[in-house]
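In: Using only what follows, build the 3D model:
(2 chains)
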Amino acid sequence: MNTITSSLAANSSAIVLHTRKGTDIDNFQTTELSAYDIKAAQELKKKYSMAEFRTNFIPIYNCHGMTFASRRTAVFEGTEVRQILSEDEYEEIPLQQVSPGDVIIYVDERGDIEHSGVVISKPAPPLNVPLVVSKWGKGPEVLHSAYYSPYSVSDIHFYRITK
Amino acid sequence: MSIPTEIDSHEIDLVYLVANTPAFLYKHLRHNNSVQWMAAKFSIDELCRIYQELRTPSGRNNFPVSLSYAVITALSLKEYSVVSEVLRGLPVEGLDWGRIFLDIVLSQSIPTSQTVLTIPPRSAKSSRLDIATSTSDVIITRERR
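Out: From the prediction side, this is the model:
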């Protein structure tokens, strides 16, 4: 396994990660998980009781690491995600055409990408909201309604690779 | 050192746990009640002392990492011209997003506009303050990005 010491984060390492066109993607793997994190995760489960928490707390990857790096590492800058979307030739899909496997991107009011995940079920009546699997920071992977999470839902986009 | 009861460290821990990016963490800590309380309650020097204590081996063992980020954010809510050099000099070793977090804090704390209010002298004949109504007078504002 190629590992390099990350200059961006303490107590962590990075792996070689590229876009389809060969551009480096900054990332790091951290193994830090404290008793406070674990306690916070218990609070998280209570706060989002309608979601299904499918894993334990895995700090080594985050949401973008799950969506774009096969759960191997954490990608922590929204600009890197935009690079991936562009260079991997993702196309935006309207909500009406969303299907399982599509990527969901959450953008905040400043235009920063703050979360990503993978669609697991089509939007269905009456609410037309897809179900999603995503990684909540250093916490667990979660199955949840697209609009039920700690992240901004004011600007959500869906993407798919079609070529 | 103990955590004051005014600080809801659980809420801060929660934000830290679900943050996928340092930008998200800073955005939410800025609006966190406990962080705003710290910014109002403590001086810059006091916040620096708290931060230094949190970063000692004892501090790292006894307090969550998220509190260090909270103190940095509280510092960022102080007057930029005074605190910017302090922030630039903060040691961030051991914080997983330390340097990037500081870069975000510094870039988002810079005031984007500043104008000057000109108040005419009080008229000797008037018992009340004459309020300037000319459109050339403006009001001091300081906006954060």
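In: Only C-alpha atoms from now on, for both contacts and neighbour counts.
Out: OK.
In: Can you report how many residues lie near B:Pro4?
Out: B:Pro4 is flanked by 10 other residues according to other C-alpha atoms under 10 Å in any protein chain shown.
In: what secondary structure does it sit in?
Out: Per DSSP: H, G, I helix; E, B strand; the rest coil, the local secondary structure of B:Pro4 is coil.
In: Against chain A, how distant is it?
Out: Using C-alpha to the nearest C-alpha, to the nearest Å, B:Pro4 is found at 17 Å from chain A.
In: do B:Ala39 as well
Out: Counting by C-alpha to the nearest C-alpha, the separation of B:Ala39 from chain A is 23 Å.
In: for B:His28, same thing?
Out: Distance of B:His28 to chain A, given as C-alpha to the nearest C-alpha: 10 Å.
In: Can you tell me the closest non-neighbouring residue to that residue?
Out: In space, and not counting its chain neighbours, B:His28 is closest to B:Val15: 7.0 Å by C-alpha to C-alpha, 6 or more residues apart in numbering or on different chains.
In: try A:Leu17
Out: Closest residue to A:Leu17 apart from its sequence neighbours, by C-alpha to C-alpha, 6+ apart: A:Ile25 at 5.4 Å.
In: Check the burial of that neighbour by counting its neighbours.
Out: Neighbour count of A:Ile25, defined by other C-alpha under 10 Å: 21.
In: go on, B:Leu75?
Out: The number of residues packed near B:Leu75 is 29, by other C-alpha under 10 Å.
In: pretty sure it belongs to a helix, no?
Out: Yes: assignment of B:Leu75 by three-state DSSP places it within a helix.
In: For the residue nearest to A:Lys163 when sequence neighbours are not counted, which residues are in contact?
Out: Sequence neighbours aside, A:Glu89 is the residue nearest to A:Lys163 in space, at 7.4 Å (criterion: C-alpha to C-alpha, 6+ apart). If you count contacts by C-alpha atoms under 8 Å, 6 or more residues apart in numbering or on different chains, A:Glu89 has them with A:161-163.
In: quick one on the thing from earlier: tell me the pLDDT at the residue nearest to A:Leu17?
Out: You'll see A:Ile25 listed with a pLDDT of 97.
In: wait, doesn't it sit right on A:Thr79?
Out: No: the criterion here is C-alpha atoms under 8 Å, and A:Ile25 misses it with A:Thr79 at 9.8 Å.
In: which residue is nearest the middle of chain A?
Out: Residue closest to the average C-alpha location in chain A (C-alpha atoms, centre = their mean): A:Cys63, at 2.3 Å.
In: Oh, that last question was meant for chain B, not what I typed.
Out: When C-alpha atoms, centre = their mean is applied to chain B, the residue found nearest the centroid is B:Leu77 (1.8 Å).
In: Next one: the residue nearest to B:His28 from A:Ile25, what distance?
Out: B:Val15 sits 25 Å away from A:Ile25, going by C-alpha to C-alpha, to the nearest Å.
In: picking that back up, the contacts of A:Glu89 in strands, which ones?
Out: Residues of the contacts of A:Glu89 located in strands (DSSP state E): A:Ile161.
In: just the contacts of A:Glu89 now: which is nearest A:Ala40?
Out: Using C-alpha to C-alpha, A:Ile161 is the member of the contacts of A:Glu89 that lies nearest A:Ala40, at 35.5 Å.
In: Look up which residues are beta-bridged to the closest one.
Out: A:Tyr90 (DSSP bridges).
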